[in-house]
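**Student:** would you be able to build a 3D model of this:
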Amino acid sequence: MLSRYFIFSLVFFSLIFSASIEALTKESVLNQALFTSLGKWHFSPKQLNNTYSQHVFDAYLKRLDPGKQFFIESDIDRLYFYRFLIDDELKKGSSEFFKLSHDILQTRIKEVSSWIPK
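**Tutor:** Next comes the predicted model:
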């Protein structure tokens, strides 16, 4: 168990020092560390490709808005751009898709909340 923490720390710090410090954000470092650790230590690692991205996209949207109460068709169309790019974002340490989906959902929740009389 101690060796896993040592290896994780080693991978984490190698990510930090291998890239230019100015370009790194806390979020991207954490995303890269998570991506690397899942690929190496997960009991059943998945191959990150377009099929994986499509599966994650579909499952994520179903869980994010299971009753289809918030997202409208134009929102889904905006997010659809990322359907086959999630694997690429994970590899880069980016989270544009998740940020965009969160922002859209927050906007829609505020919009729906405004319809409810106070």
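
**Student:** residues near the residue nearest to residue 84 when sequence neighbours are not counted, how many?
**Tutor:** Spatial nearest neighbour of residue 84, excluding adjacent residues (CB to CB, 6 or more residues apart in numbering): residue 50 at 4.4 Å. Heads up, the C-betas are built off the backbone N, CA and C, glycines and all. Look at residue 50: counted by other CB atoms under 10 Å, it has 13 neighbours.

**Student:** surely residue 50 is in contact with residue 87?
**Tutor:** Yes - the pair residue 50 / residue 87 is scored as a contact, 6.7 Å apart, by CB atoms under 8 Å.

**Student:** and the residue nearest to residue 84, how far from residue 83?
**Tutor:** Using CB to CB, to the nearest Å, residue 50 is found at 9 Å from residue 83.

**Student:** do the same with residue 59
**Tutor:** Taking CB to CB as the measure, residue 59 falls 12 Å from residue 83.

**Student:** neighbour count winner among these two?
**Tutor:** The neighbour comparison of residue 59 against residue 83 (other CB under 10 Å) goes to residue 83, with 16 against 10.
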